[in-house]
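1. curious how this folds, go ahead:
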Amino acid sequence: MLNNPADVLSIVLRGTLGRSGRKRARRATRFLTGHKGFLSTSALIGMAGVAWGIYDTLKAQNTTAAPPVPGGARAPQVPAGGHQVPPVPSVPGAFEAALDPVARVIRLAVSAAKADGALTEPERALILERAREAGLESVVEAELGQTRPLADIVRGVTDDQMRKDLYVLAFTIVRADEAVSGAERIYLAQLAHQLGLDAAAVSSLEAETSKNIDSQSETEG
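-> From the prediction side, this is the model:
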């Protein structure tokens, strides 16, 4: 059972990182999702953790009371012992707001995975397989099926550390196999612009992130 956003995001991110099928991508996976890795120590999880607590509270209230939703339908129940994220029930805007930090990370991860426009069917299938483990297959599949502007993905981010952490996340995904294509470099430049990061900040973040990724082991276990 998945009880926190780190579990959910870790599974989804492994799908986007593992899509290259290359052994050296394991380093990027370890950097982001390993024990005490970037994901667990970044501002991303700190903010998502607060939202997840709100989400759990609202989910408990709605699955217990199961109030009607517009149109006469009833809010869906969560299967006992399951970890599927249920469709948004009847609290207008509340679930969307609670899940927004988690959704932002998923959207950016999918966006970065598609940055070079070369997402193959096997890569797509791997990402969806991982998303299914987290109960988010429909959410991720919807993201894979559209091109969401970076401005929309990062809109409203004002915290300086969050802006840096979002850039590190995207950079790690496009650099997973140690080769950043021209299209991916353009994507990163656009992301930096939307996040308000100057050239010096980007250079520093990329250098530090590359060093941290390269220090990881390539072996399993």
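2. quick check: the closest residue to residue 148 other than its chain neighbours vs residue 16, distance?
-> Of all residues beyond its chain neighbours, the one nearest residue 148 is residue 107 (6.0 Å), with distances taken as CB to CB, 6 or more residues apart in numbering. In this view, the C-beta of every residue, glycine as well, is placed from N, C-alpha and C. Note on residue 107: its distance to residue 16, by CB to CB, to the nearest Å, is 11 Å.
3. higher neighbour count, those two?
-> More crowded of residue 107 and residue 16, by other CB atoms under 10 Å: residue 16, with 31 against 20.
4. that one sits in which helix or strand?
-> Under the criterion of DSSP states H and E, residue 16 resides in helix 5-18.
5. tell me which helix or strand in the chain has the weakest average pLDDT.
-> helix 43-65 (a mean of 55; mean pLDDT, DSSP states H and E).
6. after that one comes which helix or strand?
-> Counting by DSSP H and E, what follows helix 43-65 is helix 94-113.
7. the inter-axis angle of that next one versus helix 5-18?
-> In terms of direction (axes from the mean of the first three to the mean of the last three CA atoms, to 10 degrees), helix 94-113 departs from helix 5-18 by 20 degrees.
8. who does helix 94-113 touch, helix- and strand-wise?
-> Helix 94-113 sits against helix 5-18, helix 43-65, helix 121-133, helix 137-144, helix 150-154, helix 160-174, with contacts defined as 3 or more CB pairs under 8 Å, 6 or more residues apart in numbering; DSSP states H and E.
9. mean pLDDT for those: which is lowest?
-> Ranked by mean pLDDT, the helices and strands packed on helix 94-113 end with helix 43-65 in last place, scoring a mean of 55.
10. what comes up buried for stretch 112-124?
-> Going by neighbour count (16 or more other CB atoms under 10 Å), the buried part of stretch 112-124 is 112, 113, 114, 115, 116, 119, 123, 124.
11. possible to save those residues as JSON lines with distance to residue 143?
-> As requested, the buried residues of stretch 112-124 are arranged in JSON lines below (distance: CB to CB, whole Å):
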{"residue": "112", "distance to residue 143": "11"}
{"residue": "113", "distance to residue 143": "10"}
{"residue": "114", "distance to residue 143": "9"}
{"residue": "115", "distance to residue 143": "13"}
{"residue": "116", "distance to residue 143": "17"}
{"residue": "119", "distance to residue 143": "11"}
{"residue": "123", "distance to residue 143": "14"}
{"residue": "124", "distance to residue 143": "11"}
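12. pick out whichever of the residues you listed sits closest to residue 147.
-> residue 114 (7.6 Å; CB to CB).
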